[in-house]
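Engineer: Need a 3D model of the sequence below.
(one chain, ligands or ions: 1)
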Amino acid sequence: MKDSVYRAPKGTRDLVWPDSERRRSFIDLFAGIVSRAGYAEIVPPMFEHIEVFQRLGDGTDVVRKEMYDFEDKGGRNIALRPEQTASIVRAYAEHRPSLPWKVWYAGPNFRYERAQKGRFRQFDQVGVEALGTDDPHLDVEVIAIAWRFYEALGLRQVNLLLNSVGTSQDRTRYIEALSGYLEKRKDDLSTEAQETLVSNPLRVLDSKRNEDIGVVSEAPSILEHLSDDANSHFNRVQEGLEKLKIPYSVEPNLVRGLDYYVQTTFEFTTESIDAAQDAIGGGGRYDGLAAEMGAPATPGVGFALGLDRTLMACEAEKTFIGPEQLLQIYVVDTTGGENSLVITDQLRQNGFKVDRSFGDRSMKAQMKAADKSGAKIALIIGEDEVEKGVVTIRDLRGEEGQEEIASDSIIANLEKRLG
Ligand code: AMP
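Structural biologist: Alright, predicted model coming up:
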């Protein structure tokens, strides 16, 4: 069915208050945590030359089926970013900053997916990328940052799944072994998995279809195909997580959707939302990606957390609840509006969240608006008050009633009341 023109397109939505403020607080909390670990913000463009993303692997759904791509008016092939790691590594290749290069980002990505609960066509991610060393402690740092962020949000039902897909040679050897096995069991696989087997055998391991589960559970494990180097890297990552007391489980079928991963891959799932959308974040190492984009070979590791889905998990766990109110104070002025104009400005300069009534409205109408605004306090200015040099402060939500305050002690009084 065609989308109605004056509705947000399928798979997108408008975030209005309080959800919009919750999104911003989420990003602020994240920014605080990552900046304490030396990550600086990067804001890459929302679209790139399509080749930047085709590097992610032609066999991945993200690139094959879901990309918003188009030819621009200058004849360039452009794609809206489906994720940000590729953009950031492109930025690295372009600017060649000194190493280590640690950056964080927040912003929307675009994928033409089947829209459903927790799966959007425009969705936000926050994430980090760290380039310049293959030290497994950097993998641990990156995972720990995500973990501490979930903790700071108050989430308690998050699981960390960890795997290693080995070096690119290990991965190639494993794909051969896996393809051989899956070819033999092809007739037992679902039609979808048979198609995936042709385009990207690793992704068959991701299948959640009942027909495929048996075949997948007996498949050869990547962990049996790791070289000594990959094994020792993986062990160091696990030891590091144990030192930090971050619980994890090793999940050999965790190959993740993007082809650039080597060595460590990880995913965060939540028990609090539907199994189909339970992935709230993930990441891994991509040591070969920078060289593919024309930079000197530079190892890197990072993660992306889905903001929309993580906030769904917060709702389910009743944590990181949105703001309660937009306003603290509502100014009611029945003397023509000049008093309200000045005092509203003064209060805002002093850090209060304040709004006022506009238009020449009756006391009753203004009080109604004050109540509807959600503000805790109405500050009332009438002819009486002006004559006496006071304002009336009325508690709109609690038990404190109202009192007259001398005009020159308004700020002090409000500070006491609102903290
Ligand atoms: P990915 O970039 O595919 O590794 O995804 C990382 C995280 O982004 C996932 O764990 C999800 O939380 C989130 N995510 C990915 N795709 C979508 C989508 N279409 N809608 C909402 N969140 C998404």
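Engineer: And Arg417, how far from the ligand?
Structural biologist: Look at Arg417 and the ligand: by CB to the nearest ligand atom, to the nearest Å, they are 41 Å apart. Every residue, glycine included, has its C-beta placed from N, CA and C.
Engineer: Backbone dihedrals for the residue lying closest to that residue once chain neighbours are set aside, both of them.
Structural biologist: Nearest non-adjacent residue to Arg417, counting by CB to CB, 6 or more residues apart in numbering: Ile377, 6.6 Å away. Ile377 adopts backbone torsions of phi -130, psi 140, taken as degrees, to the nearest 10.
Engineer: Tell me who's in contact with Ile377.
Structural biologist: Gln328, Ile329, Tyr330, Ile393, Arg394, Asp395, Leu396, Leu414, Arg417, Leu418 (CB atoms under 8 Å, 6 or more residues apart in numbering).
Engineer: Any idea how many residues pack against the residue in the stretch 251-400 of the chain that the ligand sits nearest to?
Structural biologist: The nearest approach of the stretch 251-400 of the chain to the ligand comes at Gly306, 2.2 Å away (CB to the nearest ligand atom). The number of residues packed near Gly306 is 24, by other CB atoms under 10 Å.
Engineer: Kindly report the same for the one 5 residues further on.
Structural biologist: By the other CB under 10 Å criterion, the neighbourhood of Leu311 contains 19 residues.
Engineer: Can you name the residues of the stretch 201-350 of the chain sitting close to the ligand?
Structural biologist: Gly257, Ala279, Ile280, Gly281, Gly282, Ala304, Gly306, Asp308, Arg309 (CB under 6 Å from any ligand atom).
Engineer: Which members of these occur in helices, if any?
Structural biologist: With helices defined by DSSP state H, the entries of those inside them are Asp308, Arg309.
Engineer: Just the buried ones from the residues of the stretch 201-350 of the chain next to the ligand?
Structural biologist: Gly257, Ala279, Ile280, Gly281, Gly282, Ala304, Gly306, Asp308, Arg309 (16 or more other CB atoms under 10 Å).
Engineer: Quick check: of those residues, which lies closest to Gln84?
Structural biologist: Checking these against Gln84 with CB to CB, the nearest one is Ala304 at 6.8 Å.
Engineer: list the contacts for that closest one?
Structural biologist: Glu83, Gln84, Thr85, Gln125, Val126, Gly127, Gly281, Gly282, Gly283.
Engineer: any chance of these in CSV, plus pLDDT?
Structural biologist: Formatted as CSV, the contacts of Ala304 follow (pLDDT from 0 to 100):
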residue, pLDDT
Glu83, 94
Gln84, 96
Thr85, 95
Gln125, 98
Val126, 98
Gly127, 98
Gly281, 97
Gly282, 96
Gly283, 96
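Engineer: who wins for neighbours among these?
Structural biologist: Gly127 (28 neighbours).
Engineer: partner residues bridging the spatially closest residue to that residue that is not a sequence neighbour?
Structural biologist: Spatial nearest neighbour of Gly127, excluding adjacent residues (CB to CB, 6+ apart): Ala304 at 3.8 Å. Note on Ala304: beta-bridge partners by DSSP bridges are Gly127, Gly282.
Engineer: Pull up the gap between Ala304 and Gln125, please.
Structural biologist: According to CB to CB, to the nearest Å, Ala304 and Gln125 sit 4 Å apart.
Engineer: so what's in contact with those two at the same time?
Structural biologist: Glu83, Gln84.
Engineer: lowest-pLDDT helix or strand in this protein?
Structural biologist: One helix or strand of the chain scores below all others by mean pLDDT, DSSP states H and E: helix 61-64, with a mean of 76.
Engineer: Please name every helix or strand in contact with that helix.
Structural biologist: Here helix 61-64 touches helix 50-54, going by 3 or more CB pairs under 8 Å, 6 or more residues apart in numbering; DSSP states H and E.
Engineer: Any buried residues in the helix it packs on, and which?
Structural biologist: In helix 50-54, counting by 16+ other CB under 10 Å, buried: Ile50, Val52, Phe53, Gln54.
Engineer: Same check on stretch 5-17?
Structural biologist: Gly11.
Engineer: what's the burial count for Ala115?
Structural biologist: Neighbour tally, Ala115, other CB under 10 Å: 15.
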